[in-house]
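> sequence first, then the predicted structure, then my questions.
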Amino acid sequence: MSKIKVAVIGCGSIAKYRHIPEYAAREDVELIAFCDLVKERADGYASKYQAKAYTDYEVMLQEEKPDVVSVCLPNYLHAKVTIAAAKAGAHVLCEKPMATTDEEAFAMIAAAKENNVLLMIGHNQRFMAPHQKAKEILARGYLGKVISFRTAFGHRGPEGWSIDGRNSWFFEKEQAVLGAMGDLGVHKTDLMRYLLDDEIVEVGAFVETLAKEDTTIDDNAVCLVKTAKGAVGTLTASWSYKKEDNSTVLYCEHGVMRLADDPTYQVIVHLQDGSVEQYQVGAVSTNEKQVASGVIDEFIDSIQAGRTPSIPGEEGQKSLAVVLAMMESAATHTFVKVKS
C-alpha cells in the first residue's frame, strides 16, 4: 500500500509538538512538504524529513498535490487555507477553533463535501484517557443523568507555548479573533458536548481582558450554559492560571464524577451509597508534558478506512457556535441562544 502524502501548513508549536511527530510515527505516512512564512522553520523540517519547504501554501498545493494537509495557522486563516486545500483535492485536518464565524465554518464543510475529501477538526480533549473513561462510565448508566457540571481549562497563557512567545499571533486581535475562548474555551465546549452526548443551547458569559497587557484579546471567561436535555453548568477559560487546570466535575443523579483534578487518580467516582471508584487511566496532556493526542491517528485511520472521522467539520462547527454565542452574550450582557 502506498503511503499517504502529508503537507503541514504552519510550523509553530502545535505542529512541532503534535502534528509532525505523530505523522512521523506512522509507517503509512510520508511527510512531503512544510510551509511557513518564516522560511527557516519550514527548511528545518524539510531537511529533517527529506521533504520540500515553502513559504506560499498555494504554490505548495499546486506543486506537491498532497493527499492530506494539516492546517496549523492563526485562527483567521483556518477557513481560507482549508478551503484551498480541499479544492486541491486534499483531506484536511484543521486546528481548533475551526473558524472565526459560522459562515466560515459552513463554507469549509461545503468545500470538503464538494471536493469529496474529509475534514476533521483537532479537538484532542475527546481522546484524552480520563475523558474516554468518563464517557465509558456515563454510557454504563449507573450514575444516571448528568444534572449539572463545572469544567475549566486554564494555564499561564500562550506566551509559554507559542514558538513566538509574547509576540505570538495569539495576542493579535486581527489574527486570533478569539483569545482564551478560542484557544481553551472551545476545547471544553467540545468536551462537554461529547461527554454528555448533548447540545448546549443557551449561554450567558463574562468574557474579559484581565491579565494580559498590551492586547485587547480576551484572556479570561466564565460562562453559564444550559443543554438541550436540561443540564446546567459552568465553563471557564483562562490565560492567567499559575497552575494548569483542565478539570471537570459531573454532578449526576446517583453520584459525582471528578476528572483530572487528582494527582494520582485521573477519574474518581463518588457514589450515593458512600463507595468510591478510583481509576488510574493516564493523565491529560499539558503544555509542559505532552502525550499523544490521538487526533492524527484517528484522522489517518479514517482516511485508510474510507469513513467519516469522529470529529468532522460539523462537530467543529457546533462547538464553535457555542463559543460565538458566549462572545455575543458577553458583548450584549444577555443570555444568548446558540445558533443551530
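Arrived safely, thanks for sending. All values derive from a computational prediction rather than experimental measurement.

> tell me which stretches of this protein form helices.
13-14, 20-24, 39-48, 57-64, 78-87, 102-114, 129-140, 173-176, 180, 186-196, 295-305, 313-332 (DSSP state H).

> can you say which of the ones you listed is nearest to F206?
Each of the helices of the chain has some distance to F206 by Cβ to Cβ; the shortest is helix 313-332, at 5.9 Å. Where you see a C-beta, it was placed from the backbone N, CA and C, and this is true even at glycine.

> mind showing which ranges of the stretch 151-300 of the chain have poor pLDDT?
Applying pLDDT under 70 to the stretch 151-300 of the chain picks out residues 286-291.

> all strands of it, in order?
Assigned by DSSP state E, counting those that start in this stretch, the strands in the stretch 151-300 of the chain fall at 200-208, 220-227, 232-238, 248-252, 255-259, 267-271, 276-279.

> return the distance of the second one from the chain's centre.
Taking the mean of its C-alpha atoms, strand 220-227 sits 17 Å from the chain's own mean (Cα atoms, centre = their mean, to the nearest Å).

> got the CA coordinates for that strand in CSV?
The C-alpha trace of strand 220-227 is given here as CSV (Å, rounded to 0.1, in the frame of the first residue of the first chain):
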residue,chain,number,x,y,z
ASN,A,220,-10.5,35.1,31.0
ALA,A,221,-14.0,33.9,30.7
VAL,A,222,-16.7,32.5,33.0
CYS,A,223,-19.7,31.1,31.3
LEU,A,224,-23.0,29.6,32.3
VAL,A,225,-24.5,27.0,29.9
LYS,A,226,-27.7,25.0,29.5
THR,A,227,-28.1,21.9,27.4
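
> ok, and what's touching that strand?
180-181, 185, 192, 196, 198-211, 232-240, 322, 326, 329-330 (Cβ atoms under 8 Å, 6 or more residues apart in numbering).

> could you rerun that using 6 Å?
180-181, 185, 198, 200, 202-208, 210, 232-238, 326 (Cβ atoms under 6 Å, 6 or more residues apart in numbering).

> any of those buried? List them.
Listed as buried from the contacts of strand 220-227 are 180-181, 185, 198, 200, 202-207, 233, 235-238, 326; burial here means 16 or more other Cβ atoms under 10 Å.

> contact partners for A228?
D198, E199, V201.

> I'd like to know which of those is nearest to R258.
For those, the nearest to R258 is D198 (19.6 Å; Cβ to Cβ).

> which of the strands of the stretch 151-300 of the chain sits closest to K5?
strand 232-238 (36.0 Å).

> partners of that closest one in the sheet?
Strand 232-238 pairs in its sheet with strand 146-154 (parallel), strand 220-227 (antiparallel), by DSSP bridges.

> only alpha carbons, please: show it as PDB.
Below are the C-alpha coordinates for strand 232-238, written out as PDB (Å, rounded to 0.1, in the frame of the first residue of the first chain):
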ATOM      1  CA  VAL A 232     -26.800  23.300  33.600                       C
ATOM      2  CA  GLY A 233     -23.100  24.000  34.200                       C
ATOM      3  CA  THR A 234     -20.200  26.400  34.300                       C
ATOM      4  CA  LEU A 235     -17.300  26.600  31.900                       C
ATOM      5  CA  THR A 236     -14.200  28.700  32.500                       C
ATOM      6  CA  ALA A 237     -11.200  29.500  30.300                       C
ATOM      7  CA  SER A 238      -8.200  31.400  31.400                       C
END
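
> show me the domain layout of the protein.
Following automatic domain parsing, the chain resolves into domains at 4-123+293-311, 125-289+320-337.

> could you identify which of the ones you listed is most buried?
Burial of these is given as mean neighbour count (mean count of other Cβ atoms under 10 Å); domain 4-123+293-311 ranks first at a mean of 20.

> would you mind measuring the gap between the ends of it?
20 Å (Cα to Cα, to the nearest Å).

> repeat that for stretch 10-23.
15 Å.

> other residues contacting that stretch?
So stretch 10-23 is in contact with 6, 8, 29, 31, 34, 36, 41-42, 70, 72-73, 95, 161-163, 290, 293, 296, going by Cβ under 6 Å, 6+ apart.

> likewise for stretch 242-258?
143-155, 259-261, 268-272, 284, 286.

> one step back: for the helices of the chain, give me JSON lines that also has distance to S247.
Below are these laid out as JSON lines (distance: least, Cβ to Cβ, whole Å):
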{"stretch": "helix 13-14", "distance to S247": "22"}
{"stretch": "helix 20-24", "distance to S247": "25"}
{"stretch": "helix 39-48", "distance to S247": "34"}
{"stretch": "helix 57-64", "distance to S247": "37"}
{"stretch": "helix 78-87", "distance to S247": "28"}
{"stretch": "helix 102-114", "distance to S247": "28"}
{"stretch": "helix 129-140", "distance to S247": "9"}
{"stretch": "helix 173-176", "distance to S247": "25"}
{"stretch": "helix 180", "distance to S247": "16"}
{"stretch": "helix 186-196", "distance to S247": "10"}
{"stretch": "helix 295-305", "distance to S247": "21"}
{"stretch": "helix 313-332", "distance to S247": "19"}
